[in-house]
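[1] Sharing a sequence plus its predicted fold:
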2 protein chains.
Amino acid sequence: MKKETLHIIKVGGNIIDDDAKLDAFLHAFTALQGKKILVHGGGKLATSMADRLQIPQQMVNGRRITDKETLQVVTMVYAGLINKTIVARLQARSCHAIGLSGADGNVILAHKREGSGTDYGFAGDVDEVNRQLISTLLDQGLSIVMAPITHDARGQLLNTNADTIAQEMATALCTHYDVRLVFTFEKKGVLMDIADERSVIARIGPDAYTRLKAEQRIFAGMIPKLDNAFKAIAAGVSAVLLGRAEELEKLVAGETGTVITAS
Amino acid sequence: MKKETLHIIKVGGNIIDDDAKLDAFLHAFTALQGKKILVHGGGKLATSMADRLQIPQQMVNGRRITDKETLQVVTMVYAGLINKTIVARLQARSCHAIGLSGADGNVILAHKREGSGTDYGFAGDVDEVNRQLISTLLDQGLSIVMAPITHDARGQLLNTNADTIAQEMATALCTHYDVRLVFTFEKKGVLMDIADERSVIARIGPDAYTRLKAEQRIFAGMIPKLDNAFKAIAAGVSAVLLGRAEELEKLVAGETGTVITAS
């Protein structure tokens, strides 16, 4: 039986921080036919809110050290301000959106990251995605807007990387749906030369990725995102695509950006 | 046909701000059998967050003047921090909660309050409650946790009084459910003498309320809450009860607090 298509789109801070760009992106997201999930980040806004509240921020390997006060900030900014702003704007476009954190309906269960050598504080690694509730909501004609906040089912909220959430949702849902996972970010795609936007790698498989990584030719900041992308394609996600949010339509159609291949 | 019972419980800032009290309240809420909705405020926390962010707050007749920056604060605090904290703690108690704002799934449609003489800014008055989606979620075994943020379906989030949200939900849902609406607050019930906790009025109907109000014997801060209570009972809500959150179980059973009567 042919599985129904589900688009999972990750959008990052460079779009969220820019009103005009966000509107254009939400226009393109609304135009996507069928079932869809939007996963958003919002790190830049969280950092500026933490600054205003004089809560010092510390990043290790691009990940935020989430102490108790920082967890409050990211919960407010991600699950509150950004999530509800996006939902209201989608509703205005007649995209019937519902915003969730991982705690809502136990949609994403996680555990506090331990023993990695670095104490990331209240950072969560995903254990399980609640496929049944997500399917029920999608079947109601709802589009889900996911904030990168999870919980441990013991009352603790956790800060979880939005790329990872998009990958975990795609991986969990791909047995039931034909999942097309799109990571949008600042660049046109995965670049051979970070300084040259024309150097987009149109298609890349795991062997080439492993080799380029070993040769240190992949920009360090891209590695967690690409690790997530390859994890998803290996798990059976139908398509994994990377590129600029401004080109969402062409990106989804495979006409621009980078296509991740399973072999 | 006998309608199914739905409890709608409003909880205010005095409980939310106190960890131990909040835990005790969530324990009692979890113990309530059947379908249930929790509507929370959080004004005190919003005020202290606004102070930290140096955003001056202005109150008129107990209502917050919601300028653009204040709307961001209440969206963060209500729909983000408080809502998700409550949801995670309920999930920890195996109460399968989902947190929503009015924008989520267009659950509560409102319009910006205009022409009242006072410019309340981004304050919303409720137009419609999405009964169908609420029923669908309740039928999934979910308990709904409502933040007092609504939207106008044109992309604008709005700050809406939590007592009003509880009343509007109760009123909209009472054709389908046997709704029991409970307003919890600092006092044991409606008091004849604000200084004397023993002066609880056990039962009060619309005529007595109108008379006491005319005689200025109702504490001014209680009037919007009581107006909501009488609106709900007049609209066909089965029971409307007021009292202390610390006594939720007895309150729901009608063993303490004030019972609002339809005539």
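    Structure received.

[2] switch to C-alpha atoms for all contacts and neighbour counts from now on
    OK.

[3] So which bits of chain A are right by chain B?
    A:52-53, A:72, A:75-81, A:84-85, A:87-93, A:96-101, A:103-106, A:142, A:151, A:153-157 (C-alpha under 8 Å from any C-alpha of the partner chain).

[4] Quick check, the residue in the stretch 51-200 of chain A closest to chain B?
    At 3.6 Å from chain B, residue A:80 is the closest residue in the stretch 51-200 of chain A, using C-alpha to the nearest C-alpha.

[5] So the closest residue to residue A:203 other than its chain neighbours: helix, strand or coil?
    Spatial nearest neighbour of residue A:203, chain neighbours left out: residue A:259 (4.7 Å); criterion: C-alpha to C-alpha, 6 or more residues apart in numbering or on different chains. On the three-state scheme (DSSP: H, G, I helix; E, B strand; the rest coil), residue A:259 is labelled strand.

[6] Number of residues surrounding residue A:105?
    Residues lying near residue A:105 (other C-alpha atoms under 10 Å in any protein chain shown) number 26.

[7] Report the secondary structure element holding the closest residue to it other than its chain neighbours.
    Spatial nearest neighbour of residue A:105, chain neighbours left out: residue B:98 (4.8 Å); criterion: C-alpha to C-alpha, 6+ apart. If you go by DSSP states H and E, residue B:98 is part of strand B:97-100.

[8] who's in contact with that strand?
    Residues outside strand B:97-100 that contact it (C-alpha atoms under 8 Å, 6 or more residues apart in numbering or on different chains) are A:99-100, A:103-106, B:79, B:83-84, B:87, B:90-91, B:142-147.

[9] 6 Å instead?
    Identification of contacts with strand B:97-100 by C-alpha atoms under 6 Å, 6 or more residues apart in numbering or on different chains yields A:104, A:105, B:87, B:142, B:143, B:144, B:145, B:146.

[10] residues touching the spatially closest residue to residue A:144 that is not a sequence neighbour, list them.
    Excluding the flanking residues, the one nearest residue A:144 by C-alpha to C-alpha, 6+ apart is residue A:37, at 4.7 Å. Residue A:37 is in contact with A:8, A:143, A:144, A:145, counting by C-alpha under 6 Å, 6+ apart.

[11] Within the sheet, what are the partner strands of the helix or strand where residue A:37 lies, with directions?
    Assigned by DSSP H and E, residue A:37 belongs to strand A:35-40. The strands beside strand A:35-40 in its sheet (DSSP bridges) come out as strand A:5-11 (parallel), strand A:143-146 (parallel).

[12] Give the next helix or strand downstream of the shortest one.
    Meaning strand A:143-146. With elements assigned by DSSP H and E, the helix or strand that comes after strand A:143-146 is strand A:149-151.

[13] contacts for the helix or strand following that next one?
    Next in sequence after strand A:149-151, counting helices and strands by DSSP H and E, comes strand A:157-159. Strand A:157-159 has contacts (C-alpha under 6 Å, 6+ apart) with A:122, A:123, A:124, A:149, A:150, A:151.

[14] Now the second one: closest residue in space that isn't a chain neighbour?
    In this structure, residue A:123 finds its nearest non-sequential neighbour in residue A:159, 4.7 Å apart by C-alpha to C-alpha, 6+ apart.

[15] likewise the fourth one?
    Using C-alpha to C-alpha, 6+ apart and skipping residues adjacent in sequence, the residue nearest residue A:149 is residue A:159, 4.9 Å away.

[16] so what's the residue nearest to residue A:123 scoring on pLDDT?
    You'll see residue A:159 listed with a pLDDT of 97.

[17] To what extent is it buried, counted in neighbours?
    Neighbourhood size, residue A:159 [other C-alpha under 10 Å]: 29.

[18] And residue A:187, by the same measure?
    Residue A:187 has 16 neighbouring residues, counting by other C-alpha under 10 Å.

[19] Then residue A:54?
    Residue A:54: 11 neighbours (other C-alpha under 10 Å).

[20] ok, now which ones touch residue A:202?
    Per C-alpha under 6 Å, 6+ apart, neighbours of residue A:202: residue A:258.

[21] do you know how far it is from residue A:151?
    Between residue A:202 and residue A:151 the distance is 37 Å, computed by C-alpha to C-alpha, to the nearest Å.

[22] and if you look at residue A:55?
    Going from residue A:55 to residue A:151 by C-alpha to C-alpha gives 22 Å.

[23] now swap in residue A:23 and tell me
    Distance of residue A:23 to residue A:151, given as C-alpha to C-alpha: 30 Å.

[24] So if I had to pick from these two, which one is more boxed in?
    Ranked by neighbour count (other C-alpha under 10 Å), residue A:23 and residue A:151 place residue A:151 first, with 34 against 16.

[25] how many other residues sit next to the nearest residue to that one once chain neighbours are set aside?
    Excluding the flanking residues, the one nearest residue A:151 by C-alpha to C-alpha, 6+ apart is residue A:157, at 4.3 Å. Counted with other C-alpha under 10 Å, the neighbours of residue A:157 add up to 30.

[26] how about residue A:114, secondary structure?
    coil.

[27] contacting residues for it?
    Counting by C-alpha under 6 Å, 6+ apart, residue A:114 makes contact with nothing.

[28] Check residue A:260 too.
    A:203, A:204, A:205, A:240.

[29] Among those, which are located in strands?
    Among the contacts of residue A:260, the residues falling in strands (DSSP state E) are A:203, A:204, A:240.

[30] hang on, residue A:110 in a strand?
    Yes - under three-state DSSP, residue A:110 sits within a strand.

[31] wait, doesn't it sit right on residue A:127?
    Yes - with contact defined as C-alpha atoms under 6 Å, residue A:110 reaches residue A:127; the gap is 4.8 Å.

[32] out of these two, which sits in the busier spot?
    The residue with more neighbours, out of residue A:110 and residue A:127, is residue A:110; 26 against 11, by other C-alpha under 10 Å.
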